[in-house]
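Asks: Could you work out the structure for the sequence below:
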Amino acid sequence: MGQAAPQESVQWGFAYTATAWTLLQALEYAAETFHWPGPIQQLATIVVVIGLPLVVVVAWYHTAIAANNGSPALNSRSSRCCC
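Replies: Numbering: from 1, shown residues only. Predicted coordinates for the structure are as follows:
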């Protein structure tokens, strides 16, 4: 597995954080412009905070599988195939 998985997970974490921050800033601007209620911003912030660990875990899993040359589901499926 090596060092590729942790480094790429950190890169995905930074990319997610930058994108989430930009979206939250746009949401704040829209909320002020259109007089949206405060709970919309609070809900969006909670979703963004919950999403960060999910993105990092999925990125780690994806790079770990790529380092092992394929997904376990595909490998087990091909071993059962009779064709």
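
Asks: Give me the nearest residue to the residue most central in space within the chain, chain neighbours excluded.
Replies: Closest residue to the average C-alpha location of the chain: V55 at 2.3 Å, with C-alpha atoms, centre = their mean. Nearest non-adjacent residue to V55, counting by C-beta to C-beta, 6 or more residues apart in numbering: Y16, 4.5 Å away. C-beta coordinates here come from the backbone N, C-alpha and C atoms, glycine included.

Asks: What count of nearby residues applies to G38?
Replies: By the criterion of other C-beta atoms under 10 Å, G38 has 8 neighbours.

Asks: can you pull the contacts of it?
Replies: A31 (C-beta atoms under 8 Å, 6 or more residues apart in numbering).

Asks: Check which helix or strand the nearest residue to T17 once chain neighbours are set aside maps to.
Replies: Leaving aside its sequence neighbours, T17 sits nearest to L52 (C-beta to C-beta, 6+ apart; 6.7 Å). Assigned by DSSP states H and E, L52 belongs to helix 38-67.

Asks: Name the residues of the host helix or strand of T33 that are buried.
Replies: Secondary structure here is read from DSSP H and E; on that basis T33 sits in helix 4-34. Buried residues in helix 4-34, counted by 16 or more other C-beta atoms under 10 Å: 5, 8-9, 12-13, 16, 20, 27.

Asks: This completes my enquiry, with thanks.
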